[in-house]
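# A structural model of the following input is requested.
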Amino acid sequence: MLRSLRRALRPARLRIPTRRFTAGIAALPPTAREAFGTTVSAEEAVAYNRSRVATATAVALYRSGYRLPMPDEHLNDAVQALEFQYSVPSPETRAAIRAALAVLDADYTITVTR
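Modelled structure (predicted):
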């Protein structure tokens, strides 16, 4: 009962329209160079680019109904389908994709509508 009361007091759900997960559909965020210019350090650029790949991939997977656990091969295929610059993500990028998927899945306010 306490759970239902807490949910009643929380803000309205965020609704994300669903799309088929096919290559080129997701809008890709700008690269580190496009976002920060030439003043960005190498470490910042790597972290930013890893995050942009992970977030865009996780959202596309979530919209398509994919949930954890997911094997590395599925994550590699997803990154490749989104046509990112590198066809195979690093272990750190795959971990970041899984973390972003876990956040999307854990937040009850995020739903996928059809």
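
# and Val112, that one's in a helix?
No. Counting by DSSP: H, G, I helix; E, B strand; the rest coil, Val112 is not found in a helix; it is strand.

# Tell me what it is bridged to.
Beta-bridge partners for Val112, by DSSP bridges, are Ile16.

# Distance check, it against Ser51.
Per CB to CB, to the nearest Å, Val112 is found 22 Å from Ser51. The C-beta positions use only the backbone N, C-alpha and C, and glycine is treated the same way.

# and what of Ala95?
Applying CB to CB to Ala95 and Ser51 gives a distance of 12 Å.

# Please name the nearest non-neighbouring residue to Thr31.
Asn49 (6.4 Å; CB to CB, 6 or more residues apart in numbering).

# Can you classify the one you found by secondary structure?
helix.

# Which pLDDT value goes with it?
pLDDT, Asn49: 89.

# correct me, but it touches Pro30?
No. Under the criterion of CB atoms under 8 Å, Asn49 makes no contact with Pro30, lying 10.1 Å away.

# Name the residue in those two with the higher neighbour count.
A count of neighbours by other CB atoms under 10 Å puts Asn49 above the other of Asn49 and Pro30, at 19 against 10.

# From Ala96, how far out is the more buried one?
Taking CB to CB, one finds Asn49 at 11 Å from Ala96.

# quick one: low-confidence ranges for the protein?
Applying pLDDT under 70 to the chain flags the ranges 1-27, 85-87, 113-114.
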